[in-house]
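[1] Model the structure of this input:
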Amino acid sequence: RLAALLLALAVVLGTMAGCGSSTGDSSAPSGAAPGEKTKVTFWHVYSENFGATFISDMIEKFNAAHNDIEVVGVYNADMYPGLMTNLQAEVASGDYPSICMIGYNYLNYFAGNFEYQDIKTMDKDGWLDATFLPNILSLAQADGAQLGVPMSISTPILYYNADLFEQAGIEKAPATWAEVKEDALKIKNTTGKYGFYMQEYADNWAVQGLLESNGAHMLTDGVATFASPEAAEAYQLLADMVITDKSALHVAADEGIAAFSSGEVGMLLGTSAKIGTITDSAAFTLKGTTFPGFAGKEIRVPAGGNFLAITARDEKEQQAALEFIKFVMEPENLSIWSTGMGYLPPRQDVSEELTKQLTEGTVAELWQAAYSQMANIYSWVSYPGDVGTFAEQLFADTRDQILGGNQAPLPALQAAEDQLNARLGK
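    Sure thing, here's the model as predicted:
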């Protein structure tokens, strides 16, 4: 269903390439010997059923246009935590990949524990400032350095099964978490199917949006502060759906998303990066809306996604890696990636053009829901030093304790906060 749309967008946005930086020529990077190919290893997190085809197509297209550079994609399982674990092992053995895809929540952890090239110092022709807005570049900045180039920006949106809504007598999409809870129970009682599922990867992304939209704060002046009444109240609502109402699922992300796509769950709170996958696999009338809020409170959605960091040690390899990153950021390539996946493009010109083009159909509705939340986007909390991987696993474990019915939200959050602050030295 996406093929025709992507082809049309490629034609329209391909004409924009001349407006930005073009890297389609096959001239060798500085220092390359005639006939020599520079190998670039590109570590990413996209599996066969989640984006790998788009990555492979980009790599194939780049390699076909460059006789002197060969990019090789390397998939890392378990998303960003998995990649960081693999990167630690690789570096310990004395090796570095050329390019790493780093989740925004690992920004400070990556800056404090790995060697990387400051893209700003490599950018001799002003490409960064000419291509990206300052606030977008800031997503990949730490300690005064440009750690990488933002590639993907996602927001959590609410997908829903319009057929189950109709069967349950629900006439409009929920706008608040109270309405989500009410509608989930209606779906359960009317159809016997689950009403709701919120994605459960090994991170705190979706939960951060839930808690902070109720007035909680994950981190304040370097101190973990999420064990608050506001956070406990928000988590209790979700726990009640899972444990008391039995209207919501508590399973791993792939299983939960598959259950929604097969029509067994009425609503999915998940990343906009799954728009392409879910649209293609949904066996029902798929609709979508923005992230729910709490009455009278500001909706705060964390910016998901990733940036591309250059970790190559060899100068020739570094320049080849930057050449590939510039290629990825060309309007035609970026538009196909963003539309196919559901990401918001880091380039404003591409975002504006996609907004004009995506006006009809399911993909357009879902993409517009994600795009309309840009004003409510806040940073995905990134913990400093060596705390990053520990924090994400701690949050996942805490979620399992609460939704598994082993602990009430407030004591579970307090225990996690105490452990995290101890690691932070607070």
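
[2] Would you mind confirming that residue 325 makes contact with residue 310?
    Yes - using CB atoms under 8 Å, residue 325 is in contact with residue 310, at 7.4 Å. From N, CA and C alone the C-beta is placed, and that goes for glycine too.

[3] out of these two, which sits in the more crowded spot?
    Comparing residue 325 with residue 310 by other CB atoms under 10 Å, the one with more neighbours is residue 310, at 26 against 23.

[4] Where do the strands of the protein begin and end?
    Counting by DSSP state E, one finds strands in the chain at the ranges 38-44, 69-75, 99-103, 141-142, 145-146, 149-154, 156-161, 194-198, 219-220, 223-224, 265-271, 286-289, 301-310, 377-379.

[5] Now render those strands as TSV, adding distance to residue 252 and mean pLDDT.
    TSV is the format used below for these (distance: least, CB to CB, whole Å; pLDDT from 0 to 100):
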stretch	distance to residue 252	mean pLDDT
strand 38-44	21	98
strand 69-75	18	98
strand 99-103	18	97
strand 141-142	30	94
strand 145-146	35	98
strand 149-154	19	94
strand 156-161	17	98
strand 194-198	11	98
strand 219-220	26	94
strand 223-224	25	95
strand 265-271	13	97
strand 286-289	22	97
strand 301-310	18	94
strand 377-379	26	85
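
[6] Save those strands as a markdown table, and put in distance to residue 247 too.
    Formatted as a markdown table, these follow (distance: least, CB to CB, whole Å):
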| stretch | distance to residue 247 |
| --- | --- |
| strand 38-44 | 36 |
| strand 69-75 | 35 |
| strand 99-103 | 30 |
| strand 141-142 | 41 |
| strand 145-146 | 45 |
| strand 149-154 | 26 |
| strand 156-161 | 14 |
| strand 194-198 | 4 |
| strand 219-220 | 31 |
| strand 223-224 | 31 |
| strand 265-271 | 9 |
| strand 286-289 | 18 |
| strand 301-310 | 23 |
| strand 377-379 | 29 |
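
[7] so which of those gets nearest residue 255?
    For the strands of the chain, proximity to residue 255 was assessed by CB to CB; strand 194-198 is nearest, at 9.2 Å.

[8] What residues sit buried inside that closest one?
    If you call a residue buried by 16 or more other CB atoms under 10 Å, then strand 194-198 has these buried ones: 194, 195, 196, 197, 198.

[9] Residue 158 versus the fourth one, what's the distance?
    Shown here: residue 197 relative to residue 158, a distance of 11 Å by CB to CB, to the nearest Å.

[10] do the same with the third one
    Counting by CB to CB, the gap between residue 196 and residue 158 amounts to 9 Å.

[11] now swap in the second one and tell me
    Summarising the geometry, the distance separating residue 195 from residue 158, computed by CB to CB, is 12 Å.

[12] list residues touching both of the two?
    Contact with both residue 195 and residue 158 is made by residues residue 267, according to CB atoms under 8 Å, 6 or more residues apart in numbering.

[13] ok so, going back, out of the strands of the chain, which gets nearest to residue 121?
    If we rank the strands of the chain by CB to CB, the stretch that ends up nearest is strand 145-146, at 8.1 Å.

[14] Distance check, the nearest residue to residue 190 once chain neighbours are set aside against residue 230.
    In this structure, residue 190 finds its nearest non-sequential neighbour in residue 168, 4.2 Å apart by CB to CB, 6 or more residues apart in numbering. Computed as CB to CB, the residue 168 to residue 230 distance reads 30 Å.

[15] Quick check: residue 197 vs residue 398, distance?
    Between residue 197 and residue 398 the computed distance is 18 Å (CB to CB).

[16] Poorly predicted segments of the protein, please.
    For the chain, applying pLDDT under 70 flags the ranges 1-35.

[17] ok, back up a step: comparing residue 168 and residue 230, which shows the higher neighbour count?
    Neighbours were tallied for residue 168 and for residue 230 using other CB under 10 Å; the higher tally belongs to residue 168 (21 against 17).

[18] so what's that one up against?
    By CB under 8 Å, 6+ apart, the neighbours of residue 168 are 183, 186, 187, 189, 190, 191, 266.

[19] how close does the first one sit to residue 235?
    As for residue 183, its distance to residue 235 is 19 Å (criterion: CB to CB).
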